[in-house]
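J.: I would like the atomic coordinates for the input below:
(one chain, ligands or ions: 3)
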Amino acid sequence: MLVTNKYLQTEAQKGQYAVGAFNTSNIEITQAIIEAHEEKNAPVIIATSTSAIKYCGIEVLSSVVRKMAEKASIPVSLHLDHGTDYDLIIDCVRNGWTSIMIDGSHASLEENIHLTSEIVKVCHGVGISVEAELGRLGGIEDNISVDEKDARLTDTEEAVRFVKETQCDTLAIAIGTSHGAYKFKGESKLAFDRLEEIKSRIDVPLVLHGASSVIPEVLEKANKYGANLGAAKGVPVEDIKKAISLGITKVNIDTDLRLAFTAGVRQILTEKPEVFDPRKIIGAGRDDIKDVVKAKIDVLGCANKA
Ligand code: PGH
Ligand code: CA
Ligand code: ZN
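T.: Numbering: from 1, shown residues only. Ligands and ions are numbered 1, 2, ... in the order given. Below is the predicted model of the structure:
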């Protein structure tokens with residue numbers, strides 16, 4: 001069943017758990033995400049970046065995710081991750097996305113408010129929910145490098161005004177995470193006090209981007225089979241749990257699936273050099289992604305919430 005992020009996150013807010021937003025860019029990743037959630041009876045957000053849509057073709061990606069979602073025993077949202085291009089957003093609206101993220105986080109506050117309000121008008125007219133972003137994450141964001149010094153936490157007063165004026169359904173905030181596999185040089189350090197402050201002032205459900213944990217066992221396995229991912233470091237599971245306890249209801253995960261896929265594919269290619277059937281190779285990656293997604297569901301607390 002296809003639903004919106006607003007619906008899933010409102011339910012999550014009531015139940016004090018979070019829904020995962022997992023990025024996909026092909027059939028196998030989508031299968032792994034949906035199968036894991038069906039087995040755990042958990043709701044899910046399938047996230048598609050601009051580059052994933054370009055990689056697959058918008059109609060093909062829409063068909064794959066929507067068809068699997070319609071057949072699934074759980075609620076699924078098809079979500080545009082970090083939408084920045086008006087034409088692409090309209091294309092997603094026309095092609096059956098149920099949720100749109102408008103990322104105006106790189107613009108000034110005034111511009112972000114203007115941009116987000118426009119998208120909210122379009123999307124609300126057709127029953128699509130809108131996630132907006134305020135504040136900046138460091139690291140790589142959909143192939144755009146955000147300078148570390150530009151990374152900036154969400155300002156609470158700005159968030160209050162932003163939500164009121166834009167009427168966005170959910171809000172992504174910056175509390176010290178970043179995209180990619182190299183999030184922290186030393187210890188992880190999230191601004192939980194800022195999250196608490198924002199949560200106490202606004203009612204819309206909150207989103208945490210850059211929430212991959214760079215799971216040590218997965219990293220070890222990838223490296224064992226020849227990967228070179230030296231100082232990769234993510235957000236510890238305990239920090240994710242704490243963020244959820246303080247009001248985060250959507251947790252964005254892409255890097256952890258990429259790492260799992262890499263580990264699985266490297267293992268089969270190393271251990272079974274006689275294999276050359278793409279289904280066996282990619283299928284091994286799919287199996288490893290599915291295991292990681294199932295573990296995530298336990299961290300997020302969304303099992304049996306479908
Ligand atoms: C994310 C994913 N997508 O929008 O925020 O972040 O790189 O931590 O998986 P990660
Ligand atoms: Ca952004
Ligand atoms: Zn993100």
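J.: Any stretches of the stretch 101-250 of the chain with poor pLDDT?
T.: 139-151 (pLDDT under 70).
J.: need the residues of it near ligand 2, please.
T.: Counting by Cβ under 5 Å from the ion, the positions of the stretch 101-250 of the chain adjacent to ligand 2 are 103, 105, 133. For glycine as for every other residue, the C-beta is placed from the backbone atoms N, C-alpha and C.
J.: try 8 Å
T.: Contact residues, the stretch 101-250 of the chain versus ligand 2 (Cβ under 8 Å from the ion): 103, 105, 106, 133, 136, 137, 141, 146, 172, 209.
J.: how would you label the fourth one: helix, strand or coil?
T.: Same thing as residue 133. strand (DSSP: H, G, I helix; E, B strand; the rest coil).
J.: ok, now the second one?
T.: Three-state call for residue 105 (three-state DSSP): coil.
J.: For this structure, list the residues in contact with ligand 1, please.
T.: Selection of the chain residues close to ligand 1 by Cβ under 6 Å from any ligand atom yields 23, 81-82, 179-180, 209-212, 252-256.
J.: Mind listing what's buried along stretch 63-76?
T.: For stretch 63-76, burial by neighbour count (16 or more other Cβ atoms under 10 Å) applies to 64, 65, 66, 68, 69, 72, 74, 75, 76.
J.: Let me see the contact set for the fourth one.
T.: What that stands for is residue 68. Contact analysis of residue 68 by Cβ atoms under 8 Å, 6 or more residues apart in numbering lists 30, 31, 34, 76.
J.: same thing with residue 263?
T.: So residue 263 contacts 218, 221, 222, 225, 227, 288 (Cβ under 8 Å, 6+ apart).
J.: Quick one: mean pLDDT over stretch 282-302.
T.: Averaging pLDDT along stretch 282-302 gives 98.
J.: hmm, back to that, let me have the residues of the chain next to ligand 1 in a markdown table, extended by secondary structure.
T.: Listed next are the residues of the chain next to ligand 1 as a markdown table, based on three-state DSSP:
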| residue | secondary structure |
| --- | --- |
| 23 | strand |
| 81 | strand |
| 82 | strand |
| 179 | strand |
| 180 | coil |
| 209 | coil |
| 210 | coil |
| 211 | coil |
| 212 | coil |
| 252 | strand |
| 253 | strand |
| 254 | coil |
| 255 | helix |
| 256 | helix |
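J.: Correct me if wrong: residue 98 contacts residue 1.
T.: No. Contact criterion Cβ atoms under 8 Å: residue 98 and residue 1 do not qualify, at 10.4 Å.
J.: which of those two has more neighbours?
T.: Higher neighbour count among residue 98 and residue 1: residue 98, with 28 against 12, using other Cβ atoms under 10 Å.
J.: any idea how far ligand 3 is from that one?
T.: Relative to ligand 3, residue 98 is positioned 18 Å away (Cβ to the ion, to the nearest Å).
J.: Quick check on that residue: phi, psi?
T.: In terms of degrees, to the nearest 10, the main-chain angles of residue 98 are phi -100, psi -10.
J.: sec struct for residue 228, please.
T.: Under three-state DSSP, residue 228 falls in the coil class.
J.: elements contacting the helix or strand containing residue 281?
T.: According to DSSP states H and E, residue 281 maps onto helix 278-300. Packing partners of helix 278-300 (3 or more Cβ pairs under 8 Å, 6 or more residues apart in numbering; DSSP states H and E): strand 19-23, helix 27-40, helix 237-245, strand 248-253, helix 255-271.
J.: Minimum distance to residue 301: which of these has it?
T.: helix 237-245 (6.7 Å; Cβ to Cβ).
J.: who's in contact with that closest one?
T.: Residues outside helix 237-245 that contact it (Cβ under 8 Å, 6+ apart) are 16-18, 175, 188, 190, 192, 195, 208, 211, 213, 251, 299-301.
J.: Pull the most distant pair out of the buried residues of stretch 63-76.
T.: Among those, 64 and 75 lie farthest apart (Cβ to Cβ), at 17.7 Å.
J.: hang on, the earlier thing: ok, so of the buried residues of stretch 63-76, who is nearest ligand 1?
T.: Distance ranking of the buried residues of stretch 63-76 against ligand 1, using Cβ to the nearest ligand atom, places residue 65 first at 16.0 Å.
J.: There's contact between the closest one and residue 80 in this structure, I believe.
T.: No. Applying Cβ under 8 Å, one finds residue 65 not in contact with residue 80, separated by 11.4 Å.
J.: so which of the residues of the stretch 101-250 of the chain next to ligand 2 is the most crowded?
T.: Using other Cβ under 10 Å as the neighbour test, those are led by residue 209, with 29 neighbours.
J.: residues near the residue nearest to that one when sequence neighbours are not counted, how many?
T.: Leaving out its chain neighbours, the residue that sits closest to residue 209 by Cβ to Cβ, 6 or more residues apart in numbering is residue 252, at 4.7 Å. Neighbour count for residue 252, taken as other Cβ under 10 Å: 24.
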